[in-house]
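Peer 1: I'll drop the sequence and a predicted model, then ask my questions.
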Amino acid sequence: MQIKGSNIEIIFQPESGGISVRQDGVCWNMQGHTTPYIELLTGEKIGFSEFQSIDHTPFESGLGKGLVCRYRQCNKHELQAFTFKTKVWLEYSSQEIIFELIPECDVEGIIKKIAWPQAFELKGLNPKSYTVLPMMYGCMIPNNWPQTIKGITGNIFYERSGYMPWFGQIRDQNGYIAIVETAYDAGYELDHKAGGPTRVSPAWNVSMNHLAYRRIVRYRFFEQCNYTTLAKYYRDKVKEKGAFVTLQEKIIKNPLVEKMRGTPVIHTDIYDHRESECSIYDPINLENNDRVTSFEKRLAQFKKLKTRGLEKAYIHLDGWGQRGYDNLHPDVFPPCEIAGGTAGMKKLADGLKALDYLFAIHDQYRDYYYDAKTYRPQDAIHDANGQIPEETIWAGGPQAYLCTQLAPGYVRRNFQWFSDHDIFLQGAYLDVFSCMELDECYHMEHRMNRQESAQKRGECLEYVRFLGKIVSSEECVDWAIKHLDLVHHSPIALAVELDGWTYSGPAIGIPIPLFTLVYHECLVVPWFIHEGAWGIPKHQDGFLYGLLNGGTGYLSIEPTQEELEKNKRLCALHEKVFGVEMLTHEFIEGNPQKQRSVFSNGIIVEVDFEKDSYHVVNK
């Protein structure tokens, strides 16, 4: 069966379930040796071909035309009651090919995920054929890349493996983008063995133990394109849905956001205490498990920075609670007594206000510590077996996870405490909300799917904005951008084990600024300004990435004069490109060590990672 559009043709192969797409003489084939499959919770994989009854029906509507395939009577006993349809069609208006997976008769607690449609074949084992993934900052995987490539944390969207729900491939300047429209329970299959080729395709996870609803991915094919083309196409899709909220729009809601223009971020702490049960406890150097700095000393350090000429700063304060950083959440009050308590924290807040520095705190409404004053097992996230998932990694020791359905109430309660005690805050960082995977909860009092988890996290963030404070969280995850003014960082995906404290090594593939190309004018992103920083490829300087991406910079609380000057240069550029679109990014003469970004107000930034140099031009 063939379907023709204005300049595109789809050829269906019903027996294999694959298709070929031909656009102006360029053909893309779904790989015959990769077959769609259903993965059971047991780990067993069942191919679509194991269904005894497969019906193919052409269709046409006012929107487009295509082919529906209906699958029934699986040979596998557990799936005998499961029936579903796939629908592949060309939408007339957009010339997009739309793939829909539609459950008809669902089964509970059997299926883990479905991998469909198949991967398109990326021909050409050379750098001109490459895959584009929104893995953290963004990466390009040349089809002949010499190392094996794996994902980061399960290859699901809306966390580090996929900040944005799309991927794409380019072959000799022809390519496609696949945009996952139903992304909350979606991910991707990725296969790249040393030397290539790369195969990537969508995967659909169950929601609350059910396939539950129709899944949709849209493919759009292009001539004469590159990764910037794909990023800008996705950007337009976000705008089309009304989800693109710029910094200028956020300033209308909260004028304080304007003060982030060209402002360095100083990340410091008060109390670092580690319980003996936690994984990061140091049994040898015991002094590392209990370190405290008074509120008064921190204020003195900020006053000294002012005398050194630092006119503005955004202060992010960790460990201000009664037992320090990552302890006792959500019951962190009163502020750390040994550091000065409530009076000390108020004096710090008042002092920073007098210095005209912005003051924000670290806060946390996901980690739910067993020794928190109001901990209740029934308020924790429960899995499908009725168990409470737990961990002991972080400083506070044994913990569960607070169900996000309940988190907004704790946010309102805790910020009322600050109001009652007249502690003036101008910003708040709600930890991990825009980084960790979305949660499910099966407790009958507060059942929650992943989409509802995102909605409740967004509600918490919006409450911070409602209070007139700058809103921040950890990383640049797509669903959260409209709720955020600032993120902790936009780390680059590295080929090393990811943990909370050390993350340095070679990059996965070649880093490309996919997030910045889509969302630069929507968010403030600070960058570490030295080599070997967290989330920066080994032997490369975070300062150059900060310039390239038009970000602001992190500054130490007691910086050297060289660091002050370096930060000043980065913030001067951020002053100019704050709230401005990054139009293009490219490798100069095809060399990944030499890069150029162009902003819509005429600013051009060129960096050379080999020579550790840069050049900024204002056109």
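Peer 2: Cool, got the structure. Numbering: from 1, shown residues only.

Peer 1: I'd like to know how far residue 329 sits from residue 22.
Peer 2: 56 Å (C-beta to C-beta, to the nearest Å). Quick note: C-beta positions are derived from backbone N, CA and C, even for glycine.

Peer 1: before we move on, what about residue 174?
Peer 2: As for residue 174, its distance to residue 22 is 11 Å (criterion: C-beta to C-beta).

Peer 1: cool, residue 588 as well?
Peer 2: 34 Å.

Peer 1: count the residues that sit near the closest residue to residue 273 other than its chain neighbours.
Peer 2: Leaving aside its sequence neighbours, residue 273 sits nearest to residue 324 (C-beta to C-beta, 6 or more residues apart in numbering; 3.9 Å). Applying other C-beta atoms under 10 Å, we find 25 other residues in the vicinity of residue 324.

Peer 1: same check on residue 68?
Peer 2: Neighbour tally, residue 68, other C-beta under 10 Å: 16.

Peer 1: beta partners of it?
Peer 2: Beta bridges link residue 68 to residue 57, residue 87 when assigned by DSSP bridges.

Peer 1: pLDDT score for it?
Peer 2: On pLDDT, residue 68 comes in at 95.

Peer 1: contacting residues for it?
Peer 2: When contacts are counted by C-beta atoms under 8 Å, 6 or more residues apart in numbering, residue 68 is found next to 56, 57, 58, 59, 85, 86, 87.

Peer 1: against residue 65, how distant is the third one?
Peer 2: To tie it back to what came earlier, the one meant is residue 58. 7 Å.

Peer 1: looking at these two, which is more packed in?
Peer 2: residue 65 (17 against 12).

Peer 1: surely the more buried one touches residue 4?
Peer 2: No. Checked against C-beta atoms under 8 Å, the pair residue 65 and residue 4 is beyond contact range at 9.6 Å.

Peer 1: now the nearest residue to residue 566 once chain neighbours are set aside: phi and psi?
Peer 2: Leaving out its chain neighbours, the residue that sits closest to residue 566 by C-beta to C-beta, 6+ apart is residue 529, at 5.4 Å. Phi and psi for residue 529, reported as degrees, to the nearest 10, are phi -110, psi 40.

Peer 1: residues touching residue 529, list them.
Peer 2: Residue 529 neighbours (C-beta under 8 Å, 6+ apart): 541, 542, 543, 546, 553, 554, 555, 563, 566, 567, 570.

Peer 1: go again with 7 Å.
Peer 2: Residue 529 sits next to 542, 543, 546, 553, 554, 566, 567, 570 when contact means C-beta atoms under 7 Å, 6 or more residues apart in numbering.

Peer 1: tell me the most packed of those, by neighbour count.
Peer 2: residue 546 (29 neighbours).

Peer 1: can I take it that it is in a helix?
Peer 2: Yes. The assignment for residue 546 is a helix, going by DSSP: H, G, I helix; E, B strand; the rest coil.

Peer 1: ok, the closest residue to it other than its chain neighbours to residue 465 distance?
Peer 2: What sits nearest to residue 546 in space, not counting adjacent residues and going by C-beta to C-beta, 6+ apart, is residue 527, at 3.2 Å. Distance of residue 527 to residue 465, given as C-beta to C-beta: 24 Å.

Peer 1: the two - which one has more neighbours?
Peer 2: Between residue 527 and residue 465, counted using other C-beta under 10 Å, residue 527 has the larger neighbour count: 29 against 19.

Peer 1: what is the neighbour count of residue 321?
Peer 2: When counting by other C-beta under 10 Å, one arrives at 27 neighbours for residue 321.

Peer 1: what's the answer for residue 586, then?
Peer 2: For residue 586, using other C-beta under 10 Å, the count is 15.

Peer 1: then residue 451?
Peer 2: Residue 451: 17 neighbours (other C-beta under 10 Å).

Peer 1: what packs against the helix or strand hosting it?
Peer 2: Taking DSSP states H and E as the definition, residue 451 sits inside helix 450-466. For helix 450-466, the contact count by 3 or more C-beta pairs under 7 Å, 6 or more residues apart in numbering; DSSP states H and E identifies helix 407-420, strand 427-430, strand 470-473 as packing neighbours.

Peer 1: which residues are contacting the last one?
Peer 2: Think strand 470-473. The contact list for strand 470-473, computed with C-beta under 7 Å, 6+ apart, reads 256-257, 260, 358, 360, 426-427, 429-430, 433-434, 461, 464-465, 480, 483-487.

Peer 1: in the helix holding residue 451, what's buried?
Peer 2: 450-458, 460-465 (16 or more other C-beta atoms under 10 Å).

Peer 1: and the nearest residue to residue 396 once chain neighbours are set aside, what's its pLDDT?
Peer 2: Distances taken as C-beta to C-beta, 6+ apart put residue 327 closest to residue 396, at 3.9 Å, once the chain neighbours are dropped. Looking at residue 327, its pLDDT stands at 98.

Peer 1: what's the neighbour count on residue 327?
Peer 2: 28.

Peer 1: quick check: it vs residue 427, distance?
Peer 2: From residue 327 to residue 427 the distance is 21 Å (C-beta to C-beta).

Peer 1: contacts for stretch 212-221 next, please.
Peer 2: The list of residues contacting stretch 212-221 from outside it, by C-beta under 7 Å, 6+ apart, reads 8, 21, 23, 96-102, 106, 176-182, 186, 202, 204, 206, 233.

Peer 1: in strands, which of those residues fall?
Peer 2: The strands, defined by DSSP state E, take in 8, 21, 23, 97-102, 176-180, 186, 202, 204 from the contacts of stretch 212-221.

Peer 1: show the buried residues in those.
Peer 2: 8, 21, 23, 97-102, 176-180, 186, 202, 204.

Peer 1: for residue 588, give me the backbone phi and psi.
Peer 2: Backbone torsions of residue 588, given as degrees, to the nearest 10, read phi -70, psi 120.

Peer 1: begin at 23, not 1, for the rest of this chat.
Peer 2: Yep, numbering from 23; the last one is residue 610 now.

Peer 1: list the residues that contact residue 324.
Peer 2: 374, 377, 379 are the contacts of residue 324 under C-beta under 7 Å, 6+ apart.
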